[in-house]
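*Asks:* give me a model of this one.
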Amino acid sequence: MTNAIDNQQSVLIVDDQNINTLVLENALSPLYTVYTANGGQAALNILHSQTSIDLVLLDIQMPDLDGYQVLLDIRQNDATKNIPVIFISAKDAAEDEAKGLEFGAMDYITKPFNITVVKARVRNQLSLKKKSDLLEKLANIDGLTEVPNRRRYDEKLDLEWRRCARSSSPLSMIMLDIDAFKPFNDNYGHSAGDEILKQVASTLSKKIRRSGDEAFRYGGEEFVILLPETSFESSIRVAEMMREAIEALDIPHEYSPVEKHITVSLGVSSIVPVATMSAKTLQEFTDLQLYKAKNAGRNQVQGELLQV
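*Replies:* Residues are numbered from 1 along each chain as shown. The predicted structure follows:
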């Protein structure tokens, strides 16, 4: 890897010929973060890691996995399917270009390289990728609280369920509801209610300490927190920490039957997912724990380990 700069877009160059890799790397590294791989499998190893890649320059002819096989893997993987790919090859036959585009390549350049053309096509694809990423981000963010929305939650739950099922790791969920939110809105006004939602969302986000954990606005005054690879005991501690942090905001609520300030009720559950079960099983069980917390007097955490 060369020239790693925060917020700089990244390019993965995949070619089994070192001279080709070097030419492209020298041309692109002053502008982008550049990763290189000398074969198809090495490229997939990089793409399947935590490394963020914005564009792949992919050679077609390689000894282990050819470019078509690599591209097929990229398009079939949820984490990489939206990464644009430019094929690079010594071939210039129309049928080869057509095959690459049919497989999902966005563009095609031939060897020997015209560096001016390479830079222009890379720049164009990365510009499109940046716009696409921005639109995707906006579609996944709740406009009021600026935390991920229900759409993003549904996607993340499905993704983490399948990932934890593969690794036989626990997946924990916290569902949180602001106590007596309707009386607050009715007496203080919806504008004040919106400010409460923002403060709660901000507090939850600040209490999330691991990159894989995420808080979502589920709807209305309800939030969900997903904690992949987190035990039931640990998730209970996280929930209690969140409850205390929100109560510590000490936001007045004279019309609450619980306390004279804003409080929340939380339901917690954990499971080691199995592929034959639906992720909604965890959601429904966690919602039941939230109901227990509210029914038991609110401003508390209720939870249970979900046994398969």
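*Asks:* alpha carbons only for contacts and neighbour counts from here, please
*Replies:* OK.
*Asks:* now residue 256: how far from residue 178?
*Replies:* Applying Cα to Cα, to the nearest Å, the value for residue 256 to residue 178 is 11 Å.
*Asks:* what sits in contact with each of the two?
*Replies:* Taking Cα atoms under 8 Å, 6 or more residues apart in numbering as the criterion, residue 256 and residue 178 both touch residue 262.
*Asks:* what's the top helix by length along the chain in contact with?
*Replies:* Across the chain, the longest stretch assigned as helix under DSSP state H is helix 115-139. With contacts defined as Cα under 8 Å, 6+ apart, helix 115-139 is touched by 9, 24, 27, 28, 54, 55, 83, 84, 106, 107, 109.
*Asks:* just the buried members of those?
*Replies:* If you count burial by 16 or more other Cα atoms under 10 Å, the buried members of these come out as 9, 24, 28, 54, 55, 83, 84, 107, 109.
*Asks:* mind pulling up the pLDDT for the fifth one?
*Replies:* We have a pLDDT of 96 for residue 55.
*Asks:* residue 256 and residue 178 - which one has more neighbours?
*Replies:* Legend: neighbour count by other Cα atoms under 10 Å for residue 256 and residue 178, higher for residue 178 (22 against 17).
*Asks:* OK, contacts around the closest residue to the more buried one other than its chain neighbours?
*Replies:* Spatial nearest neighbour of residue 178, chain neighbours left out: residue 264 (4.5 Å); criterion: Cα to Cα, 6 or more residues apart in numbering. With contacts defined as Cα under 8 Å, 6+ apart, residue 264 is in contact with 176, 177, 178, 179, 243, 246, 247, 298, 299, 300.
*Asks:* and with 10 Å instead?
*Replies:* Counting by Cα atoms under 10 Å, 6 or more residues apart in numbering, residue 264 touches 176-181, 200, 221-222, 242-244, 246-247, 258, 293-294, 298-301.
*Asks:* give me the pLDDT for residue 4.
*Replies:* pLDDT, residue 4: 49.
*Asks:* apologies, that question was intended for residue 101.
*Replies:* With respect to pLDDT, residue 101 has a value of 79.
*Asks:* what do you get for residue 201?
*Replies:* In this prediction, residue 201 carries a pLDDT score of 97.
*Asks:* please apply the same query to the one 4 residues further on.
*Replies:* Residue-level confidence at residue 205 comes out at 94, pLDDT.
*Asks:* low-confidence stretches in the stretch 1-150 of the chain?
*Replies:* 1-7, 50-51, 91-97 (pLDDT under 70).
*Asks:* let's verify the spatially most central residue of the chain: helix, strand, or coil?
*Replies:* Nearest to the mean C-alpha position of the chain, by Cα atoms, centre = their mean, lies residue 156 at 6.6 Å. Following DSSP: H, G, I helix; E, B strand; the rest coil, we place residue 156 in the helix state.
*Asks:* ok, now how distant is it from residue 108?
*Replies:* Between residue 156 and residue 108 the distance is 33 Å, computed by Cα to Cα.
*Asks:* and residue 290, by the same measure?
*Replies:* Noted for residue 290: a distance of 53 Å to residue 108, by Cα to Cα.
*Asks:* dump the residue contacts of the residue nearest to the centre of the chain.
*Replies:* Applying Cα under 10 Å, 6+ apart, one finds that residue 156 lies in contact with 148, 150, 162, 214, 216, 226.
*Asks:* and the fourth one, how close does it get to residue 128?
*Replies:* Looking back up the chat, that one is residue 214. Taking Cα to Cα, one finds residue 214 at 27 Å from residue 128.
*Asks:* compare these two (neighbour count), which wins?
*Replies:* Shown here are residue 214 and residue 128; by other Cα under 10 Å, residue 214 has more neighbours (19 against 12).
*Asks:* just confirm that one contacts residue 147, I think it does.
*Replies:* Yes. Between residue 214 and residue 147 there is a contact under Cα atoms under 10 Å: 8.9 Å.
*Asks:* what touches both of the two?
*Replies:* 204, 205.
*Asks:* and the helices in the stretch 201-308 of the chain, which stretches?
*Replies:* Using DSSP state H, counting those that start in this stretch, the helices of the stretch 201-308 of the chain run over residues 232-247, 280-295.
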